[in-house]
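S.K.: What follows is a predicted protein model with its sequence.
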Amino acid sequence: MELVEQLRGRQEAIARRWLEDTLATYAAETARRLDRDQDRFTNPVGYALRTGTQAVVAGLLEGRTAEVLSGCLDEIIRIRAVQEFAPSQAVGFVFRLREVIRAEVQGDSTLRPLASGLGELEERIERLGLLAFDLYMKYRQRIFELRVNEMKRSVAKVIERMNRFRPGAEGGGLEDPGTDGPSERGSG
Amino acid sequence: MPTPDEMAYYRQEELLEIDYRPPERGWMDTPVDFRRGSYIYPGKAKMLEILGLPNPRDWAVTDEDWKLPDNWKQIVLEGMAERLRKYRSFKVFMDSCVRCGACADKCHFFIGGGDPKNMPVLRSELLRSVYRKDFTALGKVLGKLGGARELTVDVIKEWFYYFYQCTECRRCSVFCPFGIDTAEITMMGRELLGLLGIYVNWVIEPVANCYRYGNHLGIQPHGLLDTLEFMADDIEEATGIRVDIPMNKKGAEILFVTPSGDFVADPGIFTCMGYMLLFHELGLDYTWSSYASEGGNFGLFTSHEMIKRLNAKIYAEAKRLGVKWILGGECGHMWRVLHQYMDTVNGPADFLEVPRSPITGTVFENARSTKMVHIMEFVADLIHHGKLKLRPERNDYVRVTFHDSCNPARAMGLLEEPRYVLRHVCNHFYEMPENTIREQTFCCGGGAGLGTDENMEMRLRGGLPRGAAVRYVQEKYGVNRLAAICAIDRATLVTVCDYWAPGVKVTGITELVANAMVFEGEHERKVDLRLEPIPGMEGEQESEGSGSDE
């Protein structure tokens, strides 16, 4: 696929354009700061967006597996799942990569004749969008699990204590009642 | 019709015409949008009634009508005038900001979430704009041009949303060239909201509990004793040692006060068990108090008056029990109150003695005025004098990093002692990146009354900078434990780690101290204080411990 090979040589420019487009989903002042500070610890969102978009573009053009691409998207989606976005906004930036690549092709006379290769690339981007949706749901689910876990932690010890002082516990009393509740692995 | 395979399908003019950036709108024209997961539920009427606070009523944040008193505006403006007179710092902070932006990207909520109103400068402007309009000549004349705006119900709602998205961690103030303490601005904002009966329940219910029972959880004396006995059982199972629980012991040398968060939930209880073991081994003449059963003080998140009301019990109990000085456990905001307010609001504690360690003889000159010593100062001094028999290899399965809790780090400069202790009880201690620790430490995202569950997304956004640094040391050094000397941290960072750095557990430092300590008469230590097997120690042979590390 000649187009993809050509685009590989411009993947930095594509990733940059996509990053700018994604930054535009934040307030203007925020976007400027996310873009400016290069420190991964004082600007973890900007860092994740920058490195994540680069990795996804590279992976996409190299035809990496869904698993690899999902890994590249993971941190960005984990972040956007807790930011104040509607679900469509949180994952919508992925689909914008289509426009970014179209603009790249359209803007260059040497690429334009290869435009027939866009169809397949866009299919890959659509699949990427579905991966983003899976990740988004995974993290939303986790948020609610964490809420439940906090509640469980706050009562577990109290119940354990109440059960410890049960009658007949000394010498041939009742067996230890279960206070753990169900767990995913069925152990512990 | 062209197909997607043909270039004509893509019309360049159209692609280039579309600007996806949202139109820029001034912050004053951007009304607050209450999002689930970002706001905290309001204070219940019955809690306000218990405390004698104004305008008790049940309401919801999403209600159009917040049932404010008819003269709400007058109440707020008079309240503001009173505070401008009373607190010079408030007046200075209102006047002196030049909007240089040094603080703008220092707030964890802004860093993680990106809402411009979480830039500390803008959060302050929410209040400052009203100050300009009603208290400065220029603002009165220039109005919006001069950054002034009318106080409206929407402004009140905006205050509520954003002053409860500030953990009063004071990271921004480290970077302010004028030394403006945004935490104090948030405190003022919350006080003004309080005049209208606007509180969050996660703060005001613990305050009501503390006012009646002495602690945030409302644990009554028999309940407290029961809880500590329960821990004594677990201690016995882990070590074979039965510890005493001196309660309300008159004439004891030391009163011990710790946050009640350490009485009930994982992992705080393991830290509490650590205190009990440590004091037992030292043979310390100390006592718990069933009334001063809370070191924390959610009054700090309510009003100055409430700080005083809730704090008063500590000196009162010290006096009633006739102790010589006070020792305090691992807590964050508790130490801001004890270190910076207690002496002023409820002192002088001239009936107490300057704290002196009965084990080493060290006089804690730094606590000459408050008469209260931090457990990390106390333990670091013990280790320095070789008074603890330690086997740090028992903690070899722990690869630990240290989170500087905002208040001990920034409000009392307690930076070295916890590290000194950690290095002596653990062989594997790794620092997080420099710009995320010590004075620049990132908040857990759940302090100042934000540690509830209905605002989980907000907490996780706020916890991102801390979480990112934890994950970095997890990936680089295999860190599996995050130590923190704050009860709120021990509750909220568990969740922050589960989201941003899964696999890292949270611990207090005294828990690790007790796990490393060799106690007189202990049985073979096969499990730690969590009653979990100690890897490599399942069938250990007792060998000589390292008495002193100096």
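M.R.: Cool, the structure landed. Being a predicted model, the structure only gives us computed values, none of them experimental.
S.K.: Not counting its neighbours along the chain, what's nearest B:Gly467?
M.R.: Spatially, and ignoring its direct neighbours in sequence, B:Gly467 is nearest to B:Trp500 (2.5 Å; Cβ to Cβ, 6 or more residues apart in numbering or on different chains). No exception for glycine: its C-beta is placed from N, CA and C like everyone else's.
S.K.: what sits against the one you found?
M.R.: Going by Cβ atoms under 8 Å, 6 or more residues apart in numbering or on different chains, B:Trp500 touches A:Arg78, B:Leu460, B:Gly463, B:Leu464, B:Arg466, B:Gly467, B:Ala468, B:Val470, B:Arg471.
S.K.: Take the residues you listed and write them to TSV, including neighbour count and pLDDT.
M.R.: Formatted as TSV, the contacts of B:Trp500 follow (neighbours: other Cβ atoms under 10 Å in any protein chain shown; pLDDT from 0 to 100):
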residue	neighbour count	pLDDT
A:Arg78	20	98
B:Leu460	30	98
B:Gly463	28	98
B:Leu464	26	98
B:Arg466	30	98
B:Gly467	30	98
B:Ala468	27	98
B:Val470	26	98
B:Arg471	20	98
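S.K.: any weak-confidence spans in chain B?
M.R.: Applying pLDDT under 70 to chain B flags the ranges B:1-24, B:539-550.
S.K.: Now do the helices in chain A.
M.R.: Using DSSP state H, the helices assigned to chain A run over residues A:2-8, A:11-23, A:28-36, A:44-61, A:66-80, A:87-106, A:118-164.
S.K.: Give me the buried positions along the first one.
M.R.: Think helix A:2-8. By 16 or more other Cβ atoms under 10 Å in any protein chain shown, the buried positions in helix A:2-8 come out as A:Leu3, A:Val4, A:Gln6, A:Leu7.
S.K.: Can you say which two of these are spatially most distant?
M.R.: A:Val4 and A:Gln6 (7.3 Å; Cβ to Cβ).
S.K.: Quick test: name the residue nearest the centre of chain A.
M.R.: Nearest to the geometric centre of chain A sits A:Ile77, at 2.3 Å (Cα atoms, centre = their mean).
S.K.: which residues touch the residue nearest to that one when sequence neighbours are not counted?
M.R.: Computed as Cβ to Cβ, 6+ apart, the closest residue to A:Ile77 that is not its neighbour in sequence is A:Leu135, at 4.0 Å. Contact analysis of A:Leu135 by Cβ under 8 Å, 6+ apart lists A:Ser70, A:Leu73, A:Asp74, A:Ile77, A:Arg78, A:Ala81.
S.K.: okay if I get the residues you listed as CSV plus distance to B:Gly283?
M.R.: Output for the contacts of A:Leu135, formatted as CSV (distance: Cβ to Cβ, whole Å):
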residue, distance to B:Gly283
A:Ser70, 58
A:Leu73, 58
A:Asp74, 53
A:Ile77, 55
A:Arg78, 50
A:Ala81, 52
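S.K.: Closest one of these to B:Ile269?
M.R.: Taking Cβ to Cβ as the measure, B:Ile269 lies nearest A:Arg78 of those, at 30.4 Å.
S.K.: Next up, the contacts around the residue nearest to the closest one when sequence neighbours are not counted.
M.R.: Closest residue to A:Arg78 apart from its sequence neighbours, by Cβ to Cβ, 6+ apart: A:Tyr139 at 5.2 Å. Contacts for A:Tyr139 (Cβ under 8 Å, 6+ apart) come out as A:Ile77, A:Arg78, A:Ala81, A:Val82, B:Tyr499.
S.K.: where exactly do the helices run in the stretch 1-150 of chain B?
M.R.: For the stretch 1-150 of chain B, applying DSSP state H, counting those that start in this stretch gives helices covering B:12-17, B:45-51, B:72-86, B:88-96, B:108-113, B:120-135, B:137-142.
S.K.: of all those, which gets the most neighbours per residue?
M.R.: helix B:108-113 (a mean of 28; mean count of other Cβ atoms under 10 Å in any protein chain shown).
S.K.: That one and chain A, any residue contact?
M.R.: Yes - using Cβ under 8 Å from any Cβ of the partner chain, helix B:108-113 reaches chain A at B:Phe110, B:Ile111, B:Gly112, B:Gly113.
S.K.: Could you check how far stretch B:119-128 is from the centre of its chain?
M.R.: Its chain's C-alpha centre and that of stretch B:119-128 lie 22 Å apart, by Cα atoms, centre = their mean, to the nearest Å.
S.K.: and residue 65, how many neighbours does it have?
M.R.: If you meant another chain, say so; for now it's chain A. 9 (other Cβ atoms under 10 Å in any protein chain shown).
S.K.: I was thinking of chain B, sorry if that wasn't clear
M.R.: 7.
S.K.: what's the closest non-adjacent residue to it?
M.R.: Once chain neighbours are set aside, the closest to B:Asp65 by Cβ to Cβ, 6+ apart is B:Trp59, at 7.9 Å.
S.K.: Distance of the one you found relative to B:Asn407?
M.R.: 31 Å (Cβ to Cβ, to the nearest Å).
S.K.: what about those two, which has more around it?
M.R.: Taking neighbours as other Cβ under 10 Å, B:Trp59 and B:Asn407 compare with B:Asn407 leading, 30 against 17.
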